[in-house]
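K.L.:
model this:
(2 chains)
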Amino acid sequence: MAELNMKERQAGDVTVLDMDGKITIGEGSVALRSAIRRLLEEGKKKVLLNLAGVGYIDSSGIGELVSSYTAINKDGGQLKLLNLTQKLQDLLTITKLLTVFDVYESESDALNGFK
Amino acid sequence: MPSVTEETTRLFLPSRTESVNEAAAAAGEVAKRSGLDEEAAYGVDMALREAVTNALVHGNKRDESKTITVIFTSSPGALEIEVSDQGIGFDPGNVPDPTVGENVLKTSGRGIFFMRTFMDDVTWSRTAAGGTMVRMIKKL
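P.N.:
Reported below is the predicted structural model:
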């Protein structure tokens, strides 16, 4: 089984990625990077990462989230995060990234947050 | 039968990404036998993954002919983990704080910060061959 499984949904002009698994060095980080790169190539610049199923993330995974955020912003898009586990929220807090990312607990609030 | 008060487990791993998971699996077993609670075991897992990743990427530079050595020593008061590589050594003092200013948005450089966050004591030294050894302690 893959380290990170992703399901892609379209909600209006927002692409939702439902993620399940681990975002760690190797497969998980690469899968996220590839997905974001592909979405940008397809012109999909409003991306909501649903992280409810991501129970584990390491520093490589955090780096990949930052990289995704930067790449999408640079392309004039927006990246938002949905349903962080407590562990991920704690990691983003201690790394001072919680204030950088737009984080939501409700999908409808997140979708309404896109301009 | 005498009670076991100290247990040592040694792993000799090739420098490839899969070794991070192998080391983490072994850490999980050691943590369980040491009686660590779930939160402490999570911290050990996080710190160990970062230490092995550093040995793999920065120390051995993914050269599969080079070995990453992991030694777990559990005693009644603490779990100690040593991770050594066969690289050319590095100075942890030169690693910038990832939580300050523009470093916050860097895509790397958080591994050592996580190791220090999740363990009670973390120190670096040079191996006899010139590589890096990081020694991490989790108090029980």
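K.L.:
mind pulling up the phi and psi values for residue 49?
P.N.:
Picking chain A for this. phi -90, psi 110 (degrees, to the nearest 10).
K.L.:
should've been chain B
P.N.:
phi -60, psi -40.
K.L.:
likewise residue B:76?
P.N.:
Taking degrees, to the nearest 10 as the convention, residue B:76 sits at phi -60, psi -30.
K.L.:
where do the strands sit along the chain?
P.N.:
Picking chain A for this. A:4-11, A:14-23, A:46-57, A:78-82, A:102-104 (DSSP state E).
K.L.:
ah, I was thinking of chain B
P.N.:
Counting by DSSP E, the strands of chain B are B:7-14, B:67-74, B:78-84, B:121-126, B:132-139.
K.L.:
Next one: residue B:113 relative to residue B:122, how far apart?
P.N.:
10 Å (C-beta to C-beta, to the nearest Å). C-beta: built from backbone N, CA, C; applies to glycine.
K.L.:
Same question for residue A:64.
P.N.:
Distance from residue A:64 to residue B:122, by C-beta to C-beta: 24 Å.
K.L.:
What of residue B:95?
P.N.:
Distance from residue B:95 to residue B:122, by C-beta to C-beta: 12 Å.
K.L.:
which residue packs closest to residue 107, ignoring adjacent ones?
P.N.:
Just going to use chain A. In this structure, residue A:107 finds its nearest non-sequential neighbour in residue A:82, 5.9 Å apart by C-beta to C-beta, 6 or more residues apart in numbering or on different chains.
K.L.:
try chain B instead
P.N.:
residue A:63 (4.1 Å).
K.L.:
Chain B contacts on chain A?
P.N.:
Along chain A, the residues adjacent to chain B under the rule C-beta under 8 Å from any C-beta of the partner chain are A:24-27, A:58-60, A:62-64, A:66-67, A:70, A:87, A:91, A:94-97, A:100.
K.L.:
The same query, at a cut-off of 10 Å, please.
P.N.:
A:3, A:22, A:24-27, A:29-30, A:56-60, A:62-70, A:87, A:90-91, A:94-97, A:99-100 (C-beta under 10 Å from any C-beta of the partner chain).
K.L.:
Only the buried subset of those residues, as a ChimeraX command please.
P.N.:
In ChimeraX syntax, the buried subset of the residues of chain A next to chain B is picked out as below (16 or more other C-beta atoms under 10 Å in any protein chain shown):
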select /A:3,22,24,25,26,27,29,30,56,57,58,59,60,62,63,64,65,66,67,68,69,91,95,97
